[in-house]
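Undergrad: need a structure here:
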Amino acid sequence: MIKLAALTISSPEIGMGHLVRTTQLLSTLDSDKFSFKIYGELKSIPHWIDKFDYEIIQYDLFDYEVLNKYDLIIFDNYVNRDVLNKINKKKLLIDDLNFLGDSDVDVVLDYNYGSSLNLYPEDQILLSGPEYFPISKKSYPEFLDPNNRDSFDINGKILLSFGGVSDQNLINIENEINFFSNFGDVVLMDPMSKLSKYEGEVDLLINEQTLSEVFSTYQFKFCKLAGGTSKYIALAYLVPLLYVHRNNIEKTLIDSLYLDGLVLKQENLSLLRRESKLDNVLSTISQSYAEKFKFDGETLLNKELNFIL
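TA: Numbering: from 1, shown residues only. Have a look, this model is predicted:
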């Protein structure tokens with residue numbers, strides 16, 4: 001049995017993206033070959049994580065003697081990356097376009113659109129591109145049903161999901177609801193159960209289902225999501241994305257999609273509708289997702305990690 005330790009973080013300020021993609025990666029791995037624990041300073045944990053039955057250890061000070069007992073350390077944490085230099089085992093870094101510069105690791109998983117070999121040192125193994133996005137039978141059983149893979153409908157609902165940092169200090173949610181109600185029925189996701197006061201203003205308020213469960217249950221015209229991992233779930237379900245970013249790295253990531261005509265800017269929606277072009281543009285974007293993105297992360301990641309280890 002190969003022993004893995006995953007180091008990550010979550011908080012109301014940072015959001016849940018690092019924790020989410022760590023659990024997504026772990027869920028793709030063959031449980032007959034790999035065992036793992038999650039370590040981290042985890043202040044925000046979504047309801048649905050219980051279904052994975054992972055051992056989660058609250059951990060803000062790293063004990064290198066403990067960590068060096070594992071065969072592989074998986075690291076997804078912008079805050080304490082210097083920790084990597086003190087670990088003597090094989091290391092895998094989940095990264096975004098080498099955002100903080102080169103790190104002392106053996107393997108980099110960068111499933112972002114726009115990732116490429118020339119962003120990283122030559123001596124590192126790079127698992128690059130959306131085909132490595134970690135979708136598995138455990139994390140996304142609903143996605144693997146071929147009848148549930150297309151959630152786009154030009155007459156569908158509008159999905160709003162602002163992730164684990166949904167807060168009136170960061171975004172005026174009432175204004176968002178009022179604006180998007182002009183385009184259809186609004187579904188608002190509330191993973192941290194903080195938005196109940198908006199229940200009467202939207203068609204649906206959802207806080208128990210994962211994003212992929214929502215996509216597999218309802219049909220959507222387009223969606224506005226938090227700027228991190230969630231956008232790849234929308235790509236997988238063929239639902240057009242709106243341009244969103246909350247920081248510099250998210251801007252870089254969404255710009256790659258925007259420059260290739262794969263996302264829409266919110267300020268263009270009303271004009272496109274007045275010109276009777278919106279439906280055609282959304283349909284074209286959805287079709288582009290189907291043609292451009294193939295998700296087989298479970299197979300690829302198991303193959304690569306078995307080879308590396």
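Undergrad: only C-alpha atoms for contact and neighbour calcs from this point on.
TA: OK.
Undergrad: how near is residue 128 to residue 118?
TA: Residue 128 sits 11 Å away from residue 118, taking C-alpha to C-alpha, to the nearest Å as the criterion.
Undergrad: ugh, wrong one, I meant residue 174
TA: Residue 174 sits at a distance of 43 Å from residue 118 (criterion: C-alpha to C-alpha).
Undergrad: quick one, which of the two is more surrounded?
TA: residue 174 (12 against 8; other C-alpha atoms under 10 Å).
Undergrad: Excluding chain neighbours, what is closest to that one?
TA: residue 198 (7.6 Å; C-alpha to C-alpha, 6 or more residues apart in numbering).
Undergrad: does the one you found count as helix, strand or coil?
TA: Under DSSP: H, G, I helix; E, B strand; the rest coil, the three-state class of residue 198 is helix.
Undergrad: State the pLDDT value of it.
TA: According to the model's per-residue confidence, residue 198 sits at a pLDDT of 88.
Undergrad: and what of residue 82?
TA: At residue 82, the pLDDT value in this model is 73.
Undergrad: Next: residue 52.
TA: With respect to pLDDT, residue 52 has a value of 69.
Undergrad: what's the closest non-adjacent residue to the spatially most central residue of the chain?
TA: In the chain, the residue lying closest to the centroid (C-alpha atoms, centre = their mean) is residue 229, at 1.6 Å. By the measure of C-alpha to C-alpha, 6+ apart, the closest residue to residue 229 outside its immediate chain neighbours is residue 17, 6.2 Å from it.
Undergrad: That neighbour touches residue 227, doesn't it?
TA: No. Taking C-alpha atoms under 8 Å as the definition, residue 17 is not a contact partner of residue 227, at 9.3 Å.
Undergrad: roughly how far is stretch 88-105 from the heart of the chain?
TA: Here the centre of mass of C-alpha atoms in stretch 88-105, compared against the chain's by C-alpha atoms, centre = their mean, to the nearest Å, lies 18 Å away.
Undergrad: For that stretch, which residues meet the burial criterion?
TA: Residues of stretch 88-105 classed as buried under the neighbour-count rule (16 or more other C-alpha atoms under 10 Å) are 88-98, 103-105.
Undergrad: Let me see the ranges of the helices in the stretch 151-300 of the chain.
TA: Along the stretch 151-300 of the chain, the stretches classed as helices by DSSP state H, counting those that start in this stretch are 173-180, 211-217, 230-236, 248-259, 269-274, 278-292, 297-308.
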